[in-house]
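J.: After the sequence you'll find the predicted model.
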Amino acid sequence: MSSNEQRYGGLSGEAVDRATGRDWDVWVEFLDGLGAQEMDHKKIVALIAGPGALSSGWWQQMVAVGYEQARGLRVVGQTSAGGFQIGVQMTLPVSAGEAWDLLIEGPGLGVWLGTADGIDFRKGERYRTLEGASGEVRSMVPGERVRLTWSSPALAHPSTLQVTVVPSGGKASVRFHQERLSSLEERERMRAHWRDVLKELSQLATGRCRV
């Protein structure tokens, strides 16, 4: 595989070269020469920003993640804090407002969160479901997103979950993003879970369209 065809951090060598002036091979050789294999994520970013002369904060992070993957310091889906994350999304056949109502006030709430009487999606409010999930609301933007901690008997330790609704051509794109998962196995299990949740939400939304 040529240098420009290599992909780390979801980016090809060609894309990285076009944006930073170096492809993955050059970045890896450059950072190896500075001892980056023995450094943590923050120090690698500092090398990219300093000796690497890369001013964009976003690209500093992307190159650091790509380098860590290239050198086996990080696997796909692993964050700089050492945990794992997953994002799953689907477009539902309803407007963004209808999707939000379905998720927060309608039957969709029980699908993704569980059975929780009287939950108040305000920052700092705690919740517990009959299925055993519990946590605290961290932030809320009505009609757009809610972020909360999410503990469950199915998880090794508490995670963070964000649910986002984005308008998409008269329909709504719903995304579940979960962070602080403990392993690749847990990440893949939760990927399957949220895909099933989205399928059920899509069925509910389709039923609403037929009413």
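T.: On my side now, so go ahead.
J.: Please make it C-alpha for all contacts and neighbour counts, starting now.
T.: Will do.
J.: shaky segments in this protein?
T.: Counting by pLDDT under 70, the chain shows low-confidence ranges at 1-5, 9, 72-83, 208-211.
J.: what are the ranges of the helices in it?
T.: Using DSSP state H, the helices of the chain run over 13-20, 24-33, 41-49, 57-70, 96-104, 108-112, 184-210.
J.: I'd like the ones you listed as a markdown table, with mean neighbour count and distance to residue 154 appended.
T.: A markdown table is the format used below for the helices of the chain (neighbours: other Cα atoms under 10 Å; distance: least, Cα to Cα, whole Å):
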| stretch | mean neighbour count | distance to residue 154 |
| --- | --- | --- |
| helix 13-20 | 17 | 38 |
| helix 24-33 | 17 | 38 |
| helix 41-49 | 18 | 29 |
| helix 57-70 | 20 | 28 |
| helix 96-104 | 21 | 22 |
| helix 108-112 | 19 | 14 |
| helix 184-210 | 16 | 9 |
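J.: Residue 90 touches residue 174, doesn't it?
T.: Yes - between residue 90 and residue 174 there is a contact under Cα atoms under 8 Å: 5.5 Å.
J.: any common contacting residues for these two?
T.: residue 198 (Cα atoms under 8 Å, 6 or more residues apart in numbering).
J.: and those two? which has more neighbours close in?
T.: Remark: of residue 90 and residue 174, residue 174 carries more neighbours, 25 against 16, as counted by other Cα atoms under 10 Å.
J.: Would you enumerate the residues in contact with that one?
T.: 89, 90, 91, 92, 99, 163, 164, 165, 166, 198 are the contacts of residue 174 under Cα under 8 Å, 6+ apart.
J.: Any idea what it is bridged to?
T.: Bridge pairing for residue 174 (DSSP bridges) gives the partners residue 90, residue 165.
J.: let's have the chain start at 2 instead
T.: Understood, numbering begins at 2; the last thing we discussed is residue 175.
J.: returning to what we had before: how about the helices of the chain in JSON lines, adding distance to residue 7?
T.: Converted to JSON lines, the helices of the chain look like this (distance: least, Cα to Cα, whole Å):
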{"stretch": "helix 14-21", "distance to residue 7": "5"}
{"stretch": "helix 25-34", "distance to residue 7": "7"}
{"stretch": "helix 42-50", "distance to residue 7": "19"}
{"stretch": "helix 58-71", "distance to residue 7": "9"}
{"stretch": "helix 97-105", "distance to residue 7": "37"}
{"stretch": "helix 109-113", "distance to residue 7": "37"}
{"stretch": "helix 185-211", "distance to residue 7": "22"}
